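In: attaching a predicted model along with its sequence, questions to come.
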Amino acid sequence: MAIEDDVLVVGGGVAGMTAALAAADEGASVRLVTKKQSTLRHASGLVDVLGYAPDGKLLADPFDALTDLPADHPYALVGAEAIRAGLERFDAVAGELYRGGHTEKNALLPTHGGTVKPTARYPASAAAGLASDDRDALLVGFETLTDFDAPLAAEHLEAAGVPFDARGATVSFPGEPRADAKVTRYAHALDEDADGERGRLAARVARVHDGEPRVGFPAVLGQEHPADVRAALEADLDADVFEVPMGPPSLPGIRLEYAFRAALDDAGVHTVRRPVVDYETDGEGRLSAAVVERNGQHIPHYADSFVLATGGLVGKGLDSDREAVREPVFDCHVPQPEDRYDWFRDEAFGEQPYARFGVDVGDDLRPRDEDGRIEFENLRAAGSVIGGYDFATECSGTGVSLATGDAAGAAAGADTQ
Ligand SMILES: Cc1cc2nc3c(=O)[nH]c(=O)nc-3n(C[C@H](O)[C@H](O)[C@H](O)COP(=O)(O)OP(=O)(O)OC[C@H]3O[C@@H](n4cnc5c(N)ncnc54)[C@H](O)[C@@H]3O)c2cc1C
């Protein structure tokens, strides 16, 4: 029997999962096809909307700078209400796992490198670490987890001018994991607490704790039971405990992915973990199927409406070789300078042209060809496969995925009803 749905979403990152939920909310039957884990596992778990204005100024309120964005920026295309709708959907998915929904303003969070990052939503586990809080903080690192150098991070935070004294200390983690142990190894040990790891860790920290009212750890405090792990450490240390977001792999990102998956199950979205390798059209400007590879077979998945949410250069939603940058699933046009040397600038820091590469969409999020014509009537794009913004420089990654995912999914779902 042919596989047929109202809406088919390609890509299971924040953009694709959000689009699938929005389409299901419209009453559509939805299938999500994704090949691998999304970049959520690489990201910090912070949900940035817009941290920096185009002139590089730190933004207290992301909505203040929307009118300064270039006309082809995804936020300029979808507008403020779409950003709010995306955030509202995020809050419904994340629930108690996240904070920040009480205001439109950015919060300032310490990072594992000791910088301060503007962000719109942050894990509840990081809440006691806010850089705007003036209570002194002790940062604790583990000897075997060298990605987080707590004394150095504390020094950097003080140099960044935070309104509190920060001090760092390094302790050994109970059980002395190997230096190459995955972060999930620490999290599982604390989740299971089989040999009293929570109490043993607290006892080691107590030796270096000088009464600071809050204590920050690398974000490895439990995968299944993070709230219990934190509560146990807080009780033993008599201090608030917070997690400092880390680089990949990111436990907060993994926890968020699970929350999204639960929401997709609740919404009745069917998830297929396979790559889309080709497509079929009806010959009249509409897609009819995305072709999915399964054990060497090519299986068409039919739908009325499609969302492309395959990510950017990191997620492999865009492919590049020496000749060109391509969108490999539906072969949509990706604007780019003809000369490859214009893809990059010589400066080590600052904006790079390639960071803005992506498919060209209009305000209806339909990808357009090089002459500005719509590629397929029933295809919309969402997330970092869209061009026109540099998520790393402006701190807008997850926000763009939420806003465009929600808008593309809702429109795709509505089209089919
Ligand atoms: C290292 C790093 C750190 C980051 N830190 C932050 C941060 O602190 N805050 C923030 O807000 N944002 C951050 N971001 C950005 C943010 O993670 C991304 O901008 C955003 O999540 C992109 O989501 P997406 O859904 O568009 O793409 P992705 O998350 O890349 O998801 C795309 C999905 O599509 C799948 N896919 C690709 N091709 C196919 C195919 N042919 N068939 C089926 N499936 C396919 C991929 O496997 C993947 O699962 C970070 C990103 C990176 C890489």
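Out: Good, I have the coordinates.
In: element containing the closest residue to Gly175 other than its chain neighbours?
Out: Beyond its immediate neighbours in the sequence, the residue positioned closest to Gly175 (C-beta to C-beta, 6 or more residues apart in numbering) is Ala189, lying 6.0 Å away. Placement of C-beta: from N, CA and C, glycine included. Using DSSP states H and E, Ala189 sits within helix 183-192.
In: ok, and for that helix, which residues are buried?
Out: Judged by neighbour count using 16 or more other C-beta atoms under 10 Å, the buried positions of helix 183-192 are 183, 185-191.
In: likewise for stretch 142-158?
Out: Residues of stretch 142-158 classed as buried: 142, 144-145, 148-150, 153-157 (neighbour count, 16+ other C-beta under 10 Å).
In: can you flag which of these belong to strands?
Out: Of the positions in the buried residues of stretch 142-158, Phe142 sit in strands, assigned by DSSP state E.
In: which parts of the stretch 301-417 of the chain sit against the ligand?
Out: Remark: the part of the stretch 301-417 of the chain in contact with the ligand comprises 309-311, 314-317, 329, 383-384, 391, 397-398, 401, using C-beta under 6 Å from any ligand atom.
In: run the last query once more with 5 Å
Out: Residues of the stretch 301-417 of the chain found near the ligand (C-beta under 5 Å from any ligand atom) are 310-311, 314-315, 317, 329, 383-384, 391, 397-398, 401.
In: just among the residues you listed, which is most surrounded?
Out: Using other C-beta atoms under 10 Å as the neighbour test, those are led by Gly383, with 35 neighbours.
In: need the pLDDT of that one.
Out: Confidence at Gly383, expressed as pLDDT, is 98.
In: do Thr271 as well
Out: Per-residue confidence for Thr271 comes out at a pLDDT of 96.
In: need the contact list for the residue in the stretch 101-250 of the chain that the ligand sits nearest to.
Out: When distances are taken as C-beta to the nearest ligand atom, the stretch 101-250 of the chain approaches the ligand most closely through Pro248, which lies 6.0 Å from it. Residues touching Pro248, when contacts are defined by C-beta atoms under 8 Å, 6 or more residues apart in numbering, comprise 41-43.
In: can you check Ser396 too?
Out: Ser396 sits in contact with 48-51, 75, 389, where contact means C-beta under 8 Å, 6+ apart.
In: again, only this time at 10 Å
Out: 48-52, 62, 69, 73-75, 83, 120, 384, 389-390, 403 (C-beta atoms under 10 Å, 6 or more residues apart in numbering).
In: now restrict these to buried residues only.
Out: 48-52, 62, 69, 73-75, 83, 120, 384, 389-390, 403.
In: where does this structure have its least confident helix or strand?
Out: For the chain, scoring each helix and strand by mean pLDDT, DSSP states H and E identifies strand 319-320 as the least confident one, at a mean of 90.
In: wait, Asp363 sits on Ala76?
Out: Yes: with contact defined as C-beta atoms under 10 Å, Asp363 reaches Ala76; the gap is 8.5 Å.
In: who has more neighbours, the two?
Out: More crowded of Asp363 and Ala76, by other C-beta under 10 Å: Ala76, with 16 against 13.
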